[in-house]
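**Student:** Following is a predicted model, sequence given first.
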Protein chains: 2
Amino acid sequence: MFRRLISARNPIQFGSTIRQVLASKPSNESIHVHGWVKSVRLQKSIAFAMIHDGTTPNGLQVVFRNPMLAKVLTNGASVRLTGILTPSLGPGQDSELLAEDVQVLGVCDPETYPIQKQALTTEYLRDHAHLRARTDVQGAVLRLRDTVMRRLHEFFHNNDFIYVHTPIITSNDAEGAGESFRLASVPSHPGGRGVSTENTEFFNKPSYLTVSSQLHLEAVSNALARVWTLSPCFRAERSQTSRHLAEFWMLEAEWSFVRSIDDLCDVAEASIKHVLRLESPDRDLLRSDIGASWAVMAKPASEVPWARITYTDAIHELQMSGARFEFTPRWGTALQSEHERWLADSFAHGPIFITDYPASIKPFYMRQNDDSKTVACFDLLVPHVGELVGGSLREERVTVLEAAIKQQGLDEEAYRWYTELRKFGGAPHGGYGMGFERLISWIGGVENVRECIPMPRWSGRMLL
Amino acid sequence: MFRRLISARNPIQFGSTIRQVLASKPSNESIHVHGWVKSVRLQKSIAFAMIHDGTTPNGLQVVFRNPMLAKVLTNGASVRLTGILTPSLGPGQDSELLAEDVQVLGVCDPETYPIQKQALTTEYLRDHAHLRARTDVQGAVLRLRDTVMRRLHEFFHNNDFIYVHTPIITSNDAEGAGESFRLASVPSHPGGRGVSTENTEFFNKPSYLTVSSQLHLEAVSNALARVWTLSPCFRAERSQTSRHLAEFWMLEAEWSFVRSIDDLCDVAEASIKHVLRLESPDRDLLRSDIGASWAVMAKPASEVPWARITYTDAIHELQMSGARFEFTPRWGTALQSEHERWLADSFAHGPIFITDYPASIKPFYMRQNDDSKTVACFDLLVPHVGELVGGSLREERVTVLEAAIKQQGLDEEAYRWYTELRKFGGAPHGGYGMGFERLISWIGGVENVRECIPMPRWSGRMLL
């Protein structure tokens, strides 16, 4: 009655993945392989099929000495194959499976299957979000996200950063900028008898989806000196660009005992270069899929030091450039996308840090420089993508911080916990945030961030 | 003007963390150390201080041959110390810092500092969420989360699972159970001139915060055969227990080509055992902090195979137990917490899988067993915590699935994408979900999940 499993079940008995099969040595033993049919080629006396299971961009070639066996196969069907792994005679793969038996686990009607072999538009694939991971490109993007994320874990762990799960629901409305999603109030007695129609806030106060984990990370970095997160963030922006999503993932790092903006840039640069040095067949697949210039930019960028220039100097360079801009570059105004593009693409020909922006166009928490006009911050611009990272020293001097909160007309009471961090052993600190989908877009050369996340959400659009 | 950094700045020049200092060999060179003062002991001719920086549960002992140097130190202050690392003569540490210089970076008024040395109640610390990471216990919990998370990454990566960032905002209202947070509609022209009072849905349809990533993972696992996530989940539950949060993190794994419920249990068991085998000074600190029996349960659990029993047999055991229950165990009804506790604590004396529950008390997506009465699912119960994991085979037979959707009165149109997954090469598959805070609670022996997450949210309560 009370059955304990014998330990023979440990280690667990998964079947082999196609990645494992392709990495293994041919032998005379029968093996089982599972996957989905990518293509079938029937000839008179032999048949071939390509089988994928998504664990690698590569498929397993299956050879049917008896072509009748392959007759049941259609594109998209899920199958269980039994056979012997043998060295491949054909080009393109080291080994192939000599099929002895085949079993269709899930049929796929070739007439109605939405993922046909001919090229499908990105718009069509967005409409089929539940199936688009079946395409080579989307599969590669998803695996690349996993690989890049693990490189980031590696970098931060090696440097004693602790990963912190910061909250998604927050009382912070992002300085009332109107770009926060707000939670609806809920009935006080959902489904109860004598239903009350009175609505209340679930948390007894207005609550929002976070636009950044920075303030929360600052609280933790005031006790654990080095922290980071990769967390969902939300912007209720109506803008429809290739660089914006309503729901996206952001890497944020925050650490204490920082001395200068160069310290911050060093860590940002080192963390991204650690990612750029990865070996990834998925990145290679994505780059081979697209036009040349854009995708190749990221790789050599890992070899040279990246340019750094102040905002003030950047404005000067823009004004002297002779380039024609829609918006005239002027000290005290934000850099427009066209300016950012020029600085990265035409001026630096690679990534470039712009530092020390005017205080008037930056948030209250950035540390004031001695000139009282600029703040100790940076944006990292990269070719094609534009702004990839933004960071700053945070104002740790409580009187300067409180003055900035007052001057920007913010609710002092709401930020009391934040100023308190400075009063009780607050340390000089700083950090940065990086849009994860933009990083994937840059590394993979994927034009639109909507293709850089499994299930994209933007204004007017949410499937699944 | 256009200054490129010399590569001498690579590798990056962080100061040393206290973890690194404690792991390094004493030498005669002066080093700098940053951290927060945990305690100060002034004597006539010598002074001592303990300095923490959160990178390890251990502090660095600092010795002041000149006690005047230590006069500026107060508990909680952030400091920069210069000195020489020497072998320690006292017990409790291998090395200590002989201070030559000390600089207070951020003062801390000992009178008003909320984190006093005497024991503080958990309720008090919840009220000071922005500072509670300064306590030994909360620091240990945060580092333990990081360690456990990395063990999970390791396990799943080693087994060819791809990490997928599933969406937080979803159109799925969790079968209308009324426990989903809904997003408020937003003004159609926020902040615009001639403000429109017309409210619209940002996504043109009602949108909710996810209660589980399972359905989305199923979509991806139909292309990448093995996927997992550790993702925020949300329940607008009013219940105030030690095991529930309104916002929590859930590990979910989903994979194709599963044959049986035992396959699923094997992976769940192996993944958790991989975590339990970790070496963690933070776990040891947490366990030393609490009463005995509860905390020690998790460790030996990694050595023996875990019990497995069907729901039907479990009901029988409960009925035969002679134990006094508030709710009579009866086939066809849910197991109550008191039943789950008895099964894990008194019956199995350890973790126990309960499998094959009645279909009538389980969701529509679970795979029907041949008896047509039960479904191929499991719950994993562990001592003290109760339900830690829930999983199932998913119904891959499209006609059976469609019948279940109809029978449970769900919106067939809303689940069309989900049933379509079965029509186009759907594979037999399954998966499980595990509450991350419950896992931390079990491993660390932390009684309430509110202490297992940096910034807890529950009904009526959200700070920061």
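**Tutor:** Here it is on my side, so go on. Quick caveat: nothing in here was measured; it's all calculated off a predicted structure. Numbers count the residues shown, from 1 in each chain, chains lettered A, B, ... in the order given.

**Student:** From here on, just use CA atoms for contacts and neighbour counts.
**Tutor:** Noted.

**Student:** Next, the residues that contact the biggest helix by length in chain A from outside, please.
**Tutor:** Across chain A, the helix with the greatest residue count (assigned by DSSP state H) is helix A:136-158. Identification of contacts with helix A:136-158 by Cα atoms under 8 Å, 6 or more residues apart in numbering or on different chains yields A:54, A:57, A:132-133, A:162, A:228, A:271, A:274-275, A:278, A:280, A:282-283, A:285-286, A:440, A:444, A:451-454, B:162-164, B:223-224.

**Student:** Could you tell me which of these belong to helices?
**Tutor:** Among the contacts of helix A:136-158, DSSP H puts A:Ser271, A:His274, A:Val275, A:Asp282, A:Arg283, A:Leu285, A:Leu286, A:Ile440, A:Gly444 in helices.

**Student:** mind listing what the second one touches?
**Tutor:** It stands for A:His274. So A:His274 contacts A:Arg151, A:Leu152, A:Phe155, A:Ser302 (Cα under 8 Å, 6+ apart).

**Student:** quick one: pLDDT of A:Ser392?
**Tutor:** Per-residue confidence at A:Ser392 stands at 98 (pLDDT).

**Student:** on that earlier part again, which of the ones in helices among the contacts of helix A:136-158 has the most neighbours?
**Tutor:** For those, the largest number of neighbours (other Cα atoms under 10 Å in any protein chain shown) sits with A:Gly444, at 27 neighbours.

**Student:** Say whether chain B is contacted by stretch A:202-215.
**Tutor:** Yes - for stretch A:202-215 and chain B, the contact criterion (Cα under 8 Å from any Cα of the partner chain) is met by A:Phe202, A:Phe203, A:Asn204.

**Student:** How many residues are close by the last one?
**Tutor:** When neighbours are defined as other Cα under 10 Å, A:Asn204 has 12 of them.

**Student:** Figure out how far stretch A:241-248 is from the centre of its chain.
**Tutor:** Averaged C-alpha coordinates place stretch A:241-248 at 11 Å from its chain's average position (Cα atoms, centre = their mean, to the nearest Å).

**Student:** I'd guessed A:Gly386 sits against A:Leu343; true?
**Tutor:** No - using Cα atoms under 8 Å, A:Gly386 is not in contact with A:Leu343, being 9.1 Å away.

**Student:** Residue ranges in the stretch 101-250 of chain A under the pLDDT threshold?
**Tutor:** Scanning the stretch 101-250 of chain A for pLDDT under 70 picks out A:175-178, A:187-199.

**Student:** Give me the distance from stretch A:139-153 to the chain's centre.
**Tutor:** With Cα atoms, centre = their mean as the basis, stretch A:139-153 stands 8 Å off its chain's centre.

**Student:** ok, how many other residues are close to A:Gly332?
**Tutor:** Count around A:Gly332 with other Cα under 10 Å applied: 16.

**Student:** Now it. Nearest residue, chain neighbours left out?
**Tutor:** Closest residue to A:Gly332 apart from its sequence neighbours, by Cα to Cα, 6 or more residues apart in numbering or on different chains: A:Pro358 at 5.9 Å.

**Student:** A:Ser78 contacts A:Val102, doesn't it?
**Tutor:** No - judged on Cα under 8 Å, A:Ser78 makes no contact with A:Val102 at a distance of 10.5 Å.

**Student:** If you count surrounding residues, which of these two has more?
**Tutor:** The neighbour count for A:Ser78 versus A:Val102, taken as other Cα under 10 Å, is higher for A:Ser78 (31 against 19).

**Student:** Is the residue nearest to A:Leu69 when sequence neighbours are not counted in a helix, a strand, or coil?
**Tutor:** Leaving aside its sequence neighbours, A:Leu69 sits nearest to A:Val102 (Cα to Cα, 6+ apart; 6.8 Å). Here A:Val102 is strand, with the state taken from DSSP: H, G, I helix; E, B strand; the rest coil.

**Student:** thinking A:Val102 is in contact with A:Thr82, fair?
**Tutor:** Yes - with contact taken as Cα under 8 Å, A:Val102 and A:Thr82 are classed as touching, separated by 6.3 Å.

**Student:** dump the residue contacts of the nearest residue to A:Glu247 once chain neighbours are set aside.
**Tutor:** In this structure, A:Glu247 finds its nearest non-sequential neighbour in A:Phe234, 4.7 Å apart by Cα to Cα, 6+ apart. Listed by Cα under 8 Å, 6+ apart, the contact set of A:Phe234 reads A:Ser180, A:Phe181, A:Leu209, A:Thr210, A:Val211, A:Leu245, A:Ala246, A:Glu247, A:Phe248.
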